[in-house]
Structure formats: structure tokens, C-alpha cells
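J.: got a sequence here, can you model it:
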Amino acid sequence: MADINIVQRHSLAPEQARAAAQQVADKLAEQFELACRWDGDVLRFERSGVNGALTLRPNQAQLQIAL
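T.: All right, here's what the predicted structure looks like:
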């Protein structure tokens, strides 16, 4: 299995970061049939063959994907 880890800095307020993450999650869910759910500040997603999480922190987003 391959793992992907990406860390990106941002300057958004927590509410703005969550809204932006949700917009991306909605598009990905539609295009790739991903199941997405929030667990606190972590957006978890999965489907057959892939699972991952987008963790929102102040000034940073961390994306972890396992293929």
C-alpha cells in the first residue's frame, strides 16, 4: 500500500478552513464516491481501496491518505 502525507499552512479562521475542506470533500465524494464524515476537526473519508483523513489545525491542514 502507498501512503500520502501532505502538510499545508493556511491563514484561514477555523470556520473558514472547515468550510473550505467541506467544499472539497463534497466534490470528491461526488466524483469518486467517497464516504466522508467529520470527527471533531478531522474529516475522515473512505471507499474501497482508499481511506484517509484531513486534520485541521490552527494555520495548518494535514492530509493523510492510504491507498
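J.: show me how far the lowest-mean-pLDDT helix or strand in the chain is from its chain's centre.
T.: Using mean pLDDT, DSSP states H and E, helix 14-32 stands out as the lowest-scoring helix or strand of the chain, at a mean of 93. Helix 14-32 sits 8 Å away from the centroid of its parent chain (CA atoms, centre = their mean, to the nearest Å).
J.: so which elements touch that helix?
T.: Identification of packing neighbours for helix 14-32 by 3 or more CB pairs under 8 Å, 6 or more residues apart in numbering; DSSP states H and E yields strand 35-39, strand 42-47, strand 50-57. Just so you know, the C-beta spots here come from the backbone N, C-alpha and C atoms, and that holds for glycine as well.
J.: the residue minimising distance to the centre of the chain and residue 22, how far apart?
T.: Geometric centre of the chain, nearest residue: residue 54, 3.0 Å, by CA atoms, centre = their mean. Residue 54 sits 10 Å away from residue 22 when distances are taken as CB to CB, to the nearest Å.
J.: what do these two both touch?
T.: When contacts are counted by CB atoms under 8 Å, 6 or more residues apart in numbering, residue 54 and residue 22 have residue 43 as shared neighbours.
J.: in this structure the residue nearest to the centre of the chain contacts residue 43, no?
T.: Yes: contact criterion CB atoms under 8 Å: residue 54 and residue 43 qualify, at 4.3 Å.
J.: mind listing the shared neighbours of these two?
T.: Contacts common to residue 54 and residue 43, judged by CB under 8 Å, 6+ apart, are 21, 25.
J.: and the pLDDT at the spatially closest residue to residue 33 that is not a sequence neighbour?
T.: Once flanking residues are discounted, residue 33 sits nearest to residue 47: 5.7 Å by CB to CB, 6 or more residues apart in numbering. Predicted confidence (pLDDT) for residue 47: 94.
J.: cool, the one 10 residues further on as well?
T.: The pLDDT attached to residue 57 in the predicted structure is 95.
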